[in-house]
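Quick one: sequence plus predicted model below, questions after.
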Amino acid sequence: QVQLVESGGGLEQAGGSLRLSCAASGSIASSTTVGWFRQAPGKEREFVAAVSWSDGSTDYADSLKGRFTISRDNAKNTVYLQMDSLKPEDTAVYYCAARGGRRTSNLARMYGYWGQGTQVTVSS
């Protein structure tokens, strides 16, 4: 079992930055991948970024490359999502998710563990 707790969401102006944290506990193995997804009102959940716990390899949604950065701190069992140059369309609930396997995945159905989500609101 893996437990995930997100934090760091809030209200930010367009052009600003936020850093989300995902604290993981439980059976965190080296063969684990952690991803971030987001869901805006009335829209489907979409992939944001993912990182492999073992080697730190990353994957991003093409539309977010260059603005969002995912990283991990193995000692703290925490994954971060640095979000820069925020836009109103980034407004969503952001979820942290984990799956077994060293390879990252951009498919929500591949992740078996989910956090409760943290709200990010970007004002224009």
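Yep, it's here. Bear in mind that the values here come from a model prediction, so they are computed numbers and not experimental data.

Now W36: closest residue in space that isn't a chain neighbour?
Nearest non-adjacent residue to W36, counting by Cβ to Cβ, 6 or more residues apart in numbering: V48, 4.1 Å away. C-beta coordinates here come from the backbone N, C-alpha and C atoms, glycine included.

meant to ask about R38, not that
Excluding its sequence neighbours, the residue lying closest to R38 (Cβ to Cβ, 6+ apart) is A92, at 3.9 Å.

now do G9
Spatial nearest neighbour of G9, chain neighbours left out: T118 (3.4 Å); criterion: Cβ to Cβ, 6+ apart.

Which pLDDT value belongs to that neighbour?
pLDDT recorded at T118 is 98.

do G101 as well
81.

Same question for G115.
97.

For it, list the residues it contacts.
Contacts here follow Cβ atoms under 8 Å, 6 or more residues apart in numbering; on that basis G115 touches 4-6, 22, 95-97.
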